[in-house]
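A.B. asks: I need the structure of the sequence given here:
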Amino acid sequence: MAAAGETVRPADAADAARIARVIRAAFAEYRGVLEPPSGALGLDAAAVRHLLELGGILVCESDGRIAACVFHRTHADYVYLGRLAVLPAFRGRGLGVRLVAEVEALAVAAGRNRVRLGVRLNLPQNREFFERLGYRQVGLDSHTGSTVPTFAWFEKPVG
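C.D. replies: Residues are numbered from 1 along each chain as shown. The predicted model follows:
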């Protein structure tokens, strides 16, 4: 579980550079593993500010340091969850689970009855993580330019 000194809050534009560093560091293990490469590896402060404009980002801070974050965007009939990132030094403390639960609560508050996300097919550990949280695969899709599926859509009913 998350330690007592860890808090979750909505991010703002002033957090953009720190969030970009957290996402790049958390996704660094996928460099050379994913095809196409994850866009998270090249994320900068401007891209994070754009994500904030599209929806929002929740951050989990530990002693004033951003240790984890997640993007969310409300659509007509669901809330999308993406770019869940936990710094390696903070993994295993429940921060990812906590952020997913916060997005689920946001979905309920927004009157949406499901949360949707994409998981790369060649990252079974991520698939297992979301399945443990009650997410189920609802379809396959591919990144632009790919002729074969590269990721699965997962959803969870909420509310």
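
A.B. asks: neighbouring strands for the host helix or strand of Trp153, and are they parallel or not?
C.D. replies: Taking DSSP states H and E as the definition, Trp153 sits inside strand 151-157. Here strand 151-157 is paired, per DSSP bridges, with strand 114-120 (antiparallel), strand 136-141 (antiparallel).

A.B. asks: How about that strand, which residues are buried there?
C.D. replies: Phe151, Ala152, Phe154, Glu155, Lys156 (16 or more other CB atoms under 10 Å). Glycine gets a C-beta too; all of them are placed from N, C-alpha and C.

A.B. asks: same question, stretch 121-141
C.D. replies: For stretch 121-141, the neighbour count (16+ other CB under 10 Å) marks Leu121, Leu123, Asn126, Arg127, Phe129, Phe130, Tyr135 as buried.

A.B. asks: Ok, stretch 59-69 next?
C.D. replies: Using 16+ other CB under 10 Å as the test for burial, stretch 59-69 gives Val59, Cys60, Glu61, Ser62, Ile66, Ala67, Ala68, Cys69.

A.B. asks: which non-adjacent residue is nearest Arg73?
C.D. replies: Gly55 (3.1 Å; CB to CB, 6 or more residues apart in numbering).

A.B. asks: Need the pLDDT of that neighbour.
C.D. replies: pLDDT, Gly55: 96.

A.B. asks: With Ala2 instead?
C.D. replies: Reported pLDDT for Ala2: 47.

A.B. asks: residues in contact with the residue most central in space within the chain?
C.D. replies: In the chain, the C-alpha nearest the mean C-alpha coordinate belongs to Leu84, at 2.2 Å (CA atoms, centre = their mean). The neighbourhood of Leu84, defined by CB atoms under 8 Å, 6 or more residues apart in numbering, consists of Ala68, Cys69, Val70, Gly96, Leu99, Val100, Leu117.

A.B. asks: do the same with Gly145
C.D. replies: Pro36.
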